[in-house]
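# Generate coordinates for the sequence data below:
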Amino acid sequence: MTLPDTQPTPGMFSGSEIAELCDAIKDVHRLLTSVGGFFHELNGAENPSGNGLQIDFKMWGLRTIAEDLLTRQYAKINRMVAVYKEEQDKMKRVAG
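Coordinates of the predicted model:
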């Protein structure tokens with residue numbers, strides 16, 4: 001059962017905004033999957049007799065890049081959520 005005030009309103013978003021939001025969410029998922037796989041490989045590659053400095057540096061770089069990319073993707077998602085909430089508020093004022 002869907003609540004009346006949560007039903008999508010026709011014309012609230014253009015098709016490109018919906019596609020952009022979906023792409024941003026998919027990008028976050030792909031990024032996390034890729035980073036997780038690579039991080040797992042790096043953990044397995046460390047030589048127990050070595051100092052691990054090179055591996056640590058690669059992990060730091062990977063984490064830094066991933067955090068930057070995730071920040072950008074989350075910003076896109078947050079902007080789409082803000083647009084959605086603004087549109088919802090407008091529709092409620094018009095209906096009320």
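# name the helices or strands packed onto the lengthiest helix in the chain?
Using DSSP state H to assign secondary structure, the helix with the most residues in the chain is helix 53-95. When contacts are defined as 3 or more CB pairs under 8 Å, 6 or more residues apart in numbering; DSSP states H and E, helix 53-95 sits against helix 15-45. All C-beta spots, glycine's among them, are computed from the backbone N, C-alpha and C.
# any idea which residue sits dead centre in the protein?
Against the mean C-alpha coordinate of the chain, by CA atoms, centre = their mean, the closest residue is residue 28 at 3.7 Å.
# re the thing from before, what mean pLDDT does the longest helix of the chain get?
Taken as a whole, helix 53-95 has an average pLDDT of 84.
# that older thread, got a pLDDT number for the residue nearest to the centre of the chain?
Reported pLDDT for residue 28: 81.
# Skip the chain neighbours and tell me the closest residue to it.
The shortest distance from residue 28 to any non-neighbouring residue, by CB to CB, 6 or more residues apart in numbering, is to residue 73 (4.8 Å).
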